[in-house]
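Enquirer: what's the 3D shape of this:
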Amino acid sequence: MAVYGGSTVKVEPFGIEHIPGEERHGTPKRLLTLWFASNVTIGSFAVGYLAVSAFQLPVYSAFLSFLIANVIGGILLGLVSAEGPSFGYPQMVISRATFGRRGAYLPAALQWASTVGWFTVNAVLGAFALNALTHIGYLPSAVVLLATMVVAGIYGHNFIHQLERVMTVILGIFFAIVTFILLSKYNALLHYHASVLPGSYYFYPSFILLTGASLSYLMSWAPYASDYSRYLGENTPVSRSFLYTLVGGAAASFWFEALGALVAAYIYGNVHGAAGVSITSSISVVLGPLGSAGLLAIVLGTLAANALNIYTGALSFLVLDIRLKRWMAVLLGGIIGGTFTLLVAGTFTSFYEGFLLLLDYWVTPWIAIVVVDFYIFGRRGPEYVRKAPSIGIAALISYITGLLCSIPFISWSYANLSYTGYISSHFLRGADISYYVAFLVTFLLYYFIARRRITPLPSGYASGSG
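Expert: Presented below is the predicted three-dimensional model:
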């Protein structure tokens, strides 16, 4: 008999354990609203804004970059999301099937750090917006937001899905109006003149870096994906989970990145001292009398994104075999993320650029391994997690090798720290393609190593619900 079911006002009783058959509920359509609302946020808007404010690219070039990145990122996110119904476990627990129970500590720790980082990114922007709206100060604004996010994380899975459905409607309607208003200013948008044009020395490195930042934004959700699909029925078609996730995530991310680029083009083409206009206040400048509503929408979008960050962060933390209740892990993540929210507020732009690119380095090789395991080797079902070894040698070797091979292709900087690999520096004009290299090397290496080592479980084991 179900003890949780589809209730949205009950605190989720489950942590990282397997979701039994009687608790499975919902349809894949809920994945569309979840991934749509979580990407209609100031975070994806900021990626688009940086295309103009930092990379100084033409708007049409930025649009092409966003299209490429979101198609690739959406496909990767969808592929991983579709694993949830089969396994019935959170995403980082599923990693145990390939990395081993203790070997999975590595991606789980990295994922926990990533969720804290994303939590910080969104909380900083949301606190700026709330302060601009209420004038109560940055610190009180951050505290109010952080407390609300923690409550959402404690209530858990069903509450978050319902929150994202509501946010899809509210934010979707509002930003459709914003888009219409912005496009009505078409002539003013033409006043922006990019300084990094196609054919110039820095165009292709900048284009590649922007594509990487955009890809990072959507793709970085992949280690979260099964956390929100694991309650679906075990026989849910893979194609439906994949498509609803792909469409929801990619459409929202592309739309908001494109909107961010257009707003930045308006600011940099028409506002004196454009560099002094913050990302959050830029929407108010464009909307005029509706500026306050724009700030409120930013705050709501922050809640939509950070509900996922704090919830998944808690699940990833528990995969480290730390004995805490899920609500305690949520609270701990909120405290740590809140501390960082206060520390990085003054250096946000450089933090965001550096953080986005840094994320790619660990995520892409991890995705390569789980995709090969699930879609090529057909290893799916809860028993592959339960029968996992302590250390998954093939996965760890492939993962570390992929990362090492990508080092010469890295071009990364944050504040006074920077590193540019030999190939990036000498052959790519500083462009960073390390994440693509890491994915390809890991994908091929894991396939050739693991196919000789994997012994499928007897029929009936992998498909059992346990």
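
Enquirer: show the average pLDDT along the host helix or strand of residue 328.
Expert: When elements are assigned from DSSP states H and E, residue 328 belongs to helix 326-343. Average pLDDT, helix 326-343: 92.

Enquirer: and that helix, how far out from the chain's middle?
Expert: Relative to its parent chain, helix 326-343 has a centroid offset of 18 Å by CA atoms, centre = their mean, to the nearest Å.

Enquirer: quick one: residues in contact with stretch 399-407.
Expert: 99, 106, 361-362, 364-366, 368-369, 421, 434-435, 437-439, 441-442, 445-446 (CB atoms under 8 Å, 6 or more residues apart in numbering). In short, each C-beta sits where N, CA and C put it, glycine included.

Enquirer: buried sites along the helix holding residue 328?
Expert: With burial defined by 16 or more other CB atoms under 10 Å, the residues of helix 326-343 counted as buried are 326-327, 329-334, 336-338, 340-342.

Enquirer: wait, isn't residue 10 in contact with residue 4?
Expert: Yes. With contact defined as CB atoms under 8 Å, residue 10 reaches residue 4; the gap is 6.5 Å.

Enquirer: find residues that contact each of the two.
Expert: With CB under 8 Å, 6+ apart, residue 10 and residue 4 have common neighbours residue 158.

Enquirer: so which of those two has more stuff around it?
Expert: residue 4 (18 against 14; other CB atoms under 10 Å).

Enquirer: what's the helix or strand for the more buried one?
Expert: Residue 4 belongs to no helix or strand, assigned by DSSP H and E.

Enquirer: hang on, the earlier thing: just checking, what packs against the helix holding residue 328?
Expert: For helix 326-343, the packing partners by 3 or more CB pairs under 8 Å, 6 or more residues apart in numbering; DSSP states H and E come out as helix 105-134, helix 138-155, helix 291-318.

Enquirer: how much space between the spatially closest residue to residue 5 that is not a sequence neighbour and residue 43?
Expert: Leaving aside its chain neighbours, residue 5 sits nearest to residue 25 (6.0 Å; criterion: CB to CB, 6 or more residues apart in numbering). Taking CB to CB, to the nearest Å as the measure, residue 25 falls 29 Å from residue 43.

Enquirer: now do the strands in this protein.
Expert: Assigned by DSSP state E, the chain shows strands spanning 411-414, 417-420.

Enquirer: how about the ones you listed in JSON lines, adding mean pLDDT?
Expert: JSON lines is the format used below for the strands of the chain (pLDDT from 0 to 100):
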{"stretch": "strand 411-414", "mean pLDDT": "78"}
{"stretch": "strand 417-420", "mean pLDDT": "84"}
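
Enquirer: deepest of the ones you listed, which one?
Expert: strand 411-414 (a mean of 18; mean count of other CB atoms under 10 Å).

Enquirer: which strands border that one, and is each parallel or antiparallel?
Expert: Applying DSSP bridges, strand 411-414 is found paired with strand 417-420 (antiparallel).

Enquirer: CA atoms only: put the strand it pairs with into PDB for me.
Expert: Extracted in PDB, the C-alpha atoms of strand 417-420 (Å, rounded to 0.1, in the frame of the first residue of the first chain):
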ATOM      1  CA  LEU A 417      43.300  31.800 -11.800                       C
ATOM      2  CA  SER A 418      43.700  30.500 -15.400                       C
ATOM      3  CA  TYR A 419      44.900  27.500 -17.300                       C
ATOM      4  CA  THR A 420      45.200  27.000 -21.100                       C
END
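
Enquirer: show residues contacting that strand.
Expert: The set of residues external to strand 417-420 that reach it, using CB under 8 Å, 6+ apart, is 354, 410-413, 430.

Enquirer: and the two most separated of those?
Expert: Among those, the pair separated by the greatest distance (CB to CB) is 354 and 430, at 14.5 Å.

Enquirer: right, and residue 206 touches residue 195 too?
Expert: No. Using CB under 8 Å, residue 206 makes no contact with residue 195, being 10.2 Å away.

Enquirer: overlap in contacts of these two?
Expert: By CB under 8 Å, 6+ apart, the residues touching both residue 206 and residue 195 are residue 56.

Enquirer: so where's the stretch 1-150 of the chain shaky on pLDDT?
Expert: Applying pLDDT under 70 to the stretch 1-150 of the chain flags no residue at all.

Enquirer: one more time with 80
Expert: Within the stretch 1-150 of the chain, the set of residues satisfying pLDDT under 80 comprises 1-2, 43.

Enquirer: what is the burial count for residue 58?
Expert: Residue 58: 21 neighbours (other CB under 10 Å).

Enquirer: check residue 189 too.
Expert: 16.

Enquirer: how about residue 107?
Expert: Neighbourhood size, residue 107 [other CB under 10 Å]: 28.

Enquirer: the one 10 residues further on too?
Expert: Residues contacting residue 117 under the criterion other CB under 10 Å number 22.

Enquirer: again with residue 1
Expert: Burial of residue 1 is recorded as 5 neighbouring residues (other CB under 10 Å).

Enquirer: who has more neighbours, residue 25 and residue 43?
Expert: residue 43 (27 against 16).

Enquirer: could you find the closest non-adjacent residue to that one?
Expert: Nearest one to residue 43, counting by CB to CB, 6+ apart, is residue 122 at 5.4 Å.

Enquirer: still on that earlier bit, Serialize the helices and strands packed on helix 326-343 to TSV and add fields for distance to residue 450.
Expert: Listed next are the helices and strands packed on helix 326-343 as TSV, based on distance: least, CB to CB, whole Å:
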stretch	distance to residue 450
helix 105-134	16
helix 138-155	35
helix 291-318	23
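
Enquirer: among those, which is nearest residue 214?
Expert: helix 105-134 (14.6 Å).

Enquirer: for that closest one, which helices and strands make contact with it?
Expert: With contacts defined as 3+ CB pairs under 8 Å, 6+ apart, helix 105-134 has these neighbours: helix 42-53, helix 91-94, helix 138-155, helix 279-287, helix 291-318, helix 326-343, helix 348-371.
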